[in-house]
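In: the sequence isn't on hand, but the structure is:
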């Protein structure tokens with residue numbers, strides 16, 4: 001029976017336990033988008049996790065939405081991440097880079113006045129969450145075939161940079177209504193070319209990006225992050241079970257390291273169905289999990305590892321606390337986002353310090 005403390009191998013990644021730190025945007029960099037020494041301390045504090053998946057990392061200037069989120073397309077950004085990965089490795093941890101392009105969830109403010117891009121020209125409802133004064137989203141411009149190829153090349157170059165930065169692998173952010181998800185789901189992909197229409201065509205962009213990442217890292221160090229509930233950033237799909245089931249089947253054929261779903265447990269959850277179509281591809285469960293949820297998922301083989309987000313913000317030693325069934329720190333929601341602010345970032349006490 002798998003337990004929180006059980007070791008496991010995902011592809012070429014040897015996890016010392018089944019507790020994963022989920023990717024968490026914290027906006028702690030300056031306008032140069034270079035990771036800071038404080039970020040190195042933040043991740044190193046959490047290195048007892050079986051695997052850390054970094055906050056989403058921008059792969060190109062066109063990929064930007066939120067200000068003050070780190071990137072991976074300049075030498076200075078690579079050097080900043082080298083400090084982060086060394087700090088984690090010095091503590092015996094594993095860390096993967098999550099590669100990110102927001103697509104239509106951007107604004108001309110971040111694009112030198114140009115329109116953001118997407119699969120199709122479908123305007124998302126709502127406003128940008130961190131831009132002040134608040135701005136409505138705009139209708140994006142559909143990527144041309146040539147631009148799709150360029151974007152795939154941007155992901156590949158970011159993967160090359162991630163290797164130079166010392167990461168242990170890369171996870172493709174294909175969730176939460178960002179660019180790859182915009183190609184996957186039928187409400188945002190209205191194309192009539194080889195990247196739209198049928199599920200095979202809508203999944204094509206995802207698979208071509210994954211293939212590019214595999215060229216750099218090998219399949220055993222590539223993961224994919226999916227959001228089958230289709231509930232972020234004004235998304236929707238006519239048949240999520242077929243779309244995401246087909247996607248994980250195709251990913252399993254490539255023998256990548258794992259797939260990860262952001263989907264809370266409910267009667268209408270489809271992550272279990274996806275796992276049944278994934279032909280043994282390791283699966284990381286995530287979203288609103290309690291300690292008992294995590295234990296039950298592992299014990300029943302419904303997940304191969306379990307990921308926590310906000311709990312890892314507030315508890316740098318979350319793995320140890322879960323194993324010991326210890327009380328958890330409460331997350332300070334008003335301090336989750338902030339540039340160069342240590343409070344609510346690296347000052348949460350460990351259980352050992354709290355007891356002392």
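Out: Good, I have the coordinates. What you see is a predicted model; the values in this text were computed from it and never measured.
In: so what's the residue count around the nearest residue to residue 165 once chain neighbours are set aside?
Out: Spatial nearest neighbour of residue 165, chain neighbours left out: residue 81 (3.7 Å); criterion: C-beta to C-beta, 6 or more residues apart in numbering. Any C-beta I mention is one placed from the backbone N, CA and C, and that applies to glycine too. Using other C-beta atoms under 10 Å, residue 81 has 26 other residues around it.
In: and if you look at the one 3 residues further on?
Out: Applying the criterion other C-beta under 10 Å, we find 26 residues in the vicinity of residue 84.
In: got it, and residue 293?
Out: With other C-beta under 10 Å as criterion, residue 293 counts 17.
In: kindly report the same for residue 139.
Out: Per other C-beta under 10 Å, the neighbour tally for residue 139 reads 14.
In: tell me the contacts of the closest residue to it other than its chain neighbours?
Out: Leaving aside its chain neighbours, residue 139 sits nearest to residue 123 (3.9 Å; criterion: C-beta to C-beta, 6+ apart). By C-beta atoms under 8 Å, 6 or more residues apart in numbering, the contact list for residue 123 reads 104, 137-140.
In: kindly report the same for residue 52.
Out: If you count contacts by C-beta under 8 Å, 6+ apart, residue 52 has them with 20-21, 43, 46, 88, 93-96.
In: wait, which of those is closest to residue 210?
Out: Closest approach to residue 210 among the contacts of residue 52 (C-beta to C-beta): residue 96, at 14.0 Å.
In: tell me which element residue 87 falls in.
Out: Taking DSSP states H and E as the definition, one finds residue 87 inside helix 75-90.
In: narrow the contacts of residue 123 to just the buried residues.
Out: Neighbour-count burial (16 or more other C-beta atoms under 10 Å) is assigned, among those, to 104, 137-138, 140.
In: need those residues in CSV (columns: pLDDT and secondary structure).
Out: Formatted as CSV, the buried ones among the contacts of residue 123 follow (pLDDT from 0 to 100; DSSP: H, G, I helix; E, B strand; the rest coil):
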residue, pLDDT, secondary structure
104, 97, coil
137, 94, coil
138, 96, coil
140, 97, coil
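In: do you know the pLDDT at the residue nearest to residue 139?
Out: pLDDT, residue 123: 98.
In: do a quick rundown of the strands in the chain.
Out: Remark: strands assigned in the chain by DSSP state E are 8-10, 13-15, 19-21, 51-58, 95-100, 117-118, 141-142, 170-173, 222-226, 258-262, 283-286, 305-308.
In: now the first one: average pLDDT?
Out: The average of the pLDDT scores along strand 8-10 is 98.
In: report the buried residues of it.
Out: By neighbour count on 16+ other C-beta under 10 Å, the buried set for strand 8-10 is 8, 10.
In: picking that back up, give the other helices and strands that the helix holding residue 87 contacts.
Out: Here helix 75-90 touches helix 37-45, strand 51-58, strand 95-100, helix 145-164, going by 3 or more C-beta pairs under 8 Å, 6 or more residues apart in numbering; DSSP states H and E.
In: nearest residue to residue 296 other than its sequence neighbours?
Out: residue 302 (7.7 Å).
In: was I right about that neighbour contacting residue 293?
Out: No. The criterion here is C-beta atoms under 8 Å, and residue 302 misses it with residue 293 at 10.0 Å.
In: where does pLDDT dip in this structure?
Out: Segments of the chain classed as low confidence (criterion: pLDDT under 70) are 1, 354-356.
In: fine by me, thanks again.
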